[in-house]
Structures are given as structure tokens and as C-alpha cells.
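Enquirer: Coordinates only, no sequence provided:
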């Protein structure tokens, strides 16, 4: 509901979730599974329906003003968005949809209603949790409102199955929201292994206008306190030969100070050693990764970290915060380094040490590690979860009709 899978990741509220939804939908369509994605229209120019590929439709639902509506104001448009979703289904014969998969808690609220209206199971992926984000807030960041925590609990209670990125996230759902472990499926996100591949570093640097001989440290993501790009800049200021590339646009609480990183670079005296680039389309993003000596992911909270996997698929090692799903995305000591906390000296030492290691060995290990995270594997696991959800839902319906036990109904 709060961001379109067609939006450019790295700006606004668009990020890894957008990539996850679109790439998994495209992969499902190749298996013969038709996917319709409902998202809130953010421009009057958005057509009602966009066919992204054969078998993948994006429906732009009009709900509230097209522009200027903050994510925290979106709960006021839940009714309007839900109405748009239900009207689309009403144009089909009953039973047209087999399953609802909601992403993020706002969509979960609508998915819950659609599940009851359409008599199909609801699968939900939270992507992030308010309690987790609030427990690791960056300095100056805004905590998630209590309304979100209540909404997340409701969706967890109502969903037929819950999809999480890592086992760590599953344990968080269980401990924070008392989720039923038997209803949780762990599904690692993937990476486009045909696009994100190793390549000519010199050619990529030439394309981006970077010094071919520099030590390049790169950040890719939304510019907001949660993602902590300031940690990279502060650490780089203590590494005299380092050049920093920051790729992304302001979003979330970062919108209040869109030029904050530029000012920070000036205050640190490293403006000449920092290159700022806007969010890049996928075919150019691959060159960003190839051009880097390392990619930094210093987030305070990260459910998985697609950037880390994409970088490694291009043969670039990663230095990441040891939070959330990043210990799964990065093999500490093999494909990169995990850093506990956000102490600037620790980050400077970790990046300096990684740059001193054998780059060819690191690159080869990174590519091998990333190869285990394909969108095909992701969709294999998602479809298996869908089948379990449908089977369990039908069994419960049978029990409701004739009073038999679940075991008898399955038999």
C-alpha cells in the first residue's frame, strides 16, 4: 500500500521490499502463476492497470491524495485502499484469486479484510517490525508510532501463514508478537544472478567518472538515519586514501534534511572525496557495485539486506552491521566483515583491514556465497508456503462445515 513495486528503489519509501515483490512476481509468472499487485496510486498519471510482464499486473488504486501523503498518514486511507482492492475482485467470477500475500503491516490490514471477503488464505510478510526498529533507533530518528505495533499484532494473529527472511526474524515474531511457530516459513530473498555478475572494474569506474586508482567505499540505499550512511562518511574521514560513493535519495525521516550528508562531508573536510549519485536503475547499479572495493551496509536495523547480496554477486566484499538478517547475507570473515555496533573507529578499522586482504579471494568467495540466493529459490519456498496455506485453509473450512477434526479432514 505504501510503495509501488514499479518505483525506483533508493528514494521515497522504495527499497528492498519493492525489489522483492517485483522479482518474485516475475519469477512466479514464469512458472505459470498469475500475479496481480495492488498498490496505492501516487500520481494522476498512473494508469489503472500496468502489465509489467505476461502474467504480472500492477493495479494502481486511488486512495487519498496522489502526492504529499506521509507514510504515517496512510492509515487514514486504509478504507479507501481496501475498497479499491475489493472492487477489482468484484469484477471477476467468485474464486478468481487463490491466495492473498500482503507485504508490510498496512497492506496486511487490507489483506486481512480481503481474505475474509474472498474466502482465501492470507500470507503475510512484515519486512520490518516496529518493536525491532524502535529498539535500535539511530540518533535523531523518529520512533514508529504505537498504532503500527497494534496493527502488526492484529495481522500476525490473523494471517494464515507468515513469511520471514531469516530464522532470527522468525524468533522476533515469536517473542515480540507471540506468533505460532508452525505458521512461519523462513524464505531468504534472492538476487538476479543474470544481471548482478562480476565485471571490468576499470570500465565501470570510467562509466561512473571515478578515479581508476582510488580506494572506493560505496553506500547504496535510502538516505535516512536508519540506514546510517553517516557512519560510512565519518569512518572514511579517518582513512586518508578512501573515496566514498553514496547512491540514493532522501526518504523517511531523512526527508527533513535532504542535504544532511552533503553538509556532513563538508564538516568532515572530505567533500572532494565523496561522490553523490541519485538512485540508479538496475542496469547501472551493477556498475556501481563493480566499481567499488567494498560496499558498506551500516544499517541500525535490516530485515535482510538485498544490497549486500547484490554487491557480493558482483564480486564485491561487504562490511555490514551485525544486525537483523545481515549475518545471513554476509559470511563474516569470508565474503566480508560484520561489525558490532556503530563505533566510528571500529568501522574504520574493519574497512581498512578488509581492503588489506586478498581482493581476488574475497571476490571469488563473495560470488560463490551470493549464488545460493536466487529468486528461483525464493519462489520455490514461497510457492511451497502458499500450498501449505491453501491446504490448511481448506482443511479448516471442511472442519467448519461438518465438525470433523483437522486430521480427519486432511485424510
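Expert: Structure received. Just so we're clear, the structure is a prediction, and the values are computed from it rather than from any experiment.
Enquirer: Flag the shaky bits of this structure, pLDDT-wise.
Expert: Applying pLDDT under 70 to the chain flags the ranges 10-12, 251-258, 400-411.
Enquirer: Show me where it has its strands.
Expert: For the chain, strands defined by DSSP state E occupy the ranges 35-40, 49-53, 56-61, 100-103, 122-125, 161-164, 184-186, 215-220, 242-247, 274-277, 294-297, 318-321, 336-339.
Enquirer: Quick one: closest of the ones you listed to residue 307.
Expert: strand 215-220 (4.9 Å; Cβ to Cβ). C-beta: built from backbone N, CA, C; applies to glycine.
Enquirer: by contact count, what packs against that closest one?
Expert: helix 229-236, strand 242-247, helix 282-291, strand 294-297, helix 306-313 (3 or more Cβ pairs under 8 Å, 6 or more residues apart in numbering; DSSP states H and E).
Enquirer: can we see that at 6 Å?
Expert: helix 229-236, strand 242-247, strand 294-297 (3 or more Cβ pairs under 6 Å, 6 or more residues apart in numbering; DSSP states H and E).
Enquirer: Tell me which strands that strand pairs with, and in which orientation.
Expert: Here strand 215-220 has these sheet partners by DSSP bridges: strand 242-247 (parallel), strand 294-297 (parallel).
Enquirer: Looking at these, which is nearest to residue 148?
Expert: When the strands paired with strand 215-220 are compared by Cβ to Cβ, strand 294-297 sits nearest residue 148, at 24.1 Å.
Enquirer: Distance to residue 378 and mean neighbour count added to the strands paired with strand 215-220, as a markdown table?
Expert: Shown next, in a markdown table, are those (distance: least, Cβ to Cβ, whole Å; neighbours: other Cβ atoms under 10 Å):
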| stretch | distance to residue 378 | mean neighbour count |
| --- | --- | --- |
| strand 242-247 | 24 | 23 |
| strand 294-297 | 20 | 28 |
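Enquirer: can I get the ones you listed in JSON lines with distance to residue 344?
Expert: Compiled in JSON lines, the strands paired with strand 215-220 are given as follows (distance: least, Cβ to Cβ, whole Å):
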{"stretch": "strand 242-247", "distance to residue 344": "13"}
{"stretch": "strand 294-297", "distance to residue 344": "12"}
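Enquirer: So which of these is nearest residue 87?
Expert: Nearest to residue 87 among the strands paired with strand 215-220 is strand 242-247 (38.9 Å), distances taken as Cβ to Cβ.
Enquirer: Give me the distance from the closest one to the chain's centre.
Expert: Centroid separation between strand 242-247 and its chain, computed with Cα atoms, centre = their mean, to the nearest Å, is 22 Å.
Enquirer: quick one: residue 389 and residue 161 touch, right?
Expert: Yes - using Cβ atoms under 6 Å, residue 389 is in contact with residue 161, at 4.4 Å.
Enquirer: anything in contact with each of those two?
Expert: residue 123 (Cβ atoms under 6 Å, 6 or more residues apart in numbering).
Enquirer: so how far is residue 389 from residue 396?
Expert: The gap separating residue 396 from residue 389 is 11 Å, by Cβ to Cβ, to the nearest Å.
Enquirer: Looking at these two, which one has more neighbours?
Expert: Comparing residue 396 with residue 389 by neighbour count (other Cβ atoms under 10 Å), the higher total belongs to residue 389, at 25 against 14.
Enquirer: got a list of what the more buried one touches?
Expert: Residues counted as contacts of residue 389 (Cβ under 6 Å, 6+ apart) are 121, 123, 160, 161.
Enquirer: Among those residues, which one has the most neighbours?
Expert: Result: residue 123 is most packed of the contacts of residue 389 (other Cβ under 10 Å), 26 neighbours.
Enquirer: need the contact list for that one.
Expert: Contact analysis of residue 123 by Cβ under 6 Å, 6+ apart lists 101, 161, 389.
Enquirer: Name the residues linked to the first one by a beta bridge.
Expert: This means residue 101. Beta-bridge pairing of residue 101 under DSSP bridges involves residue 123.
Enquirer: And for the second one?
Expert: Beta-bridge pairing of residue 161, defined through DSSP bridges, involves residue 123.
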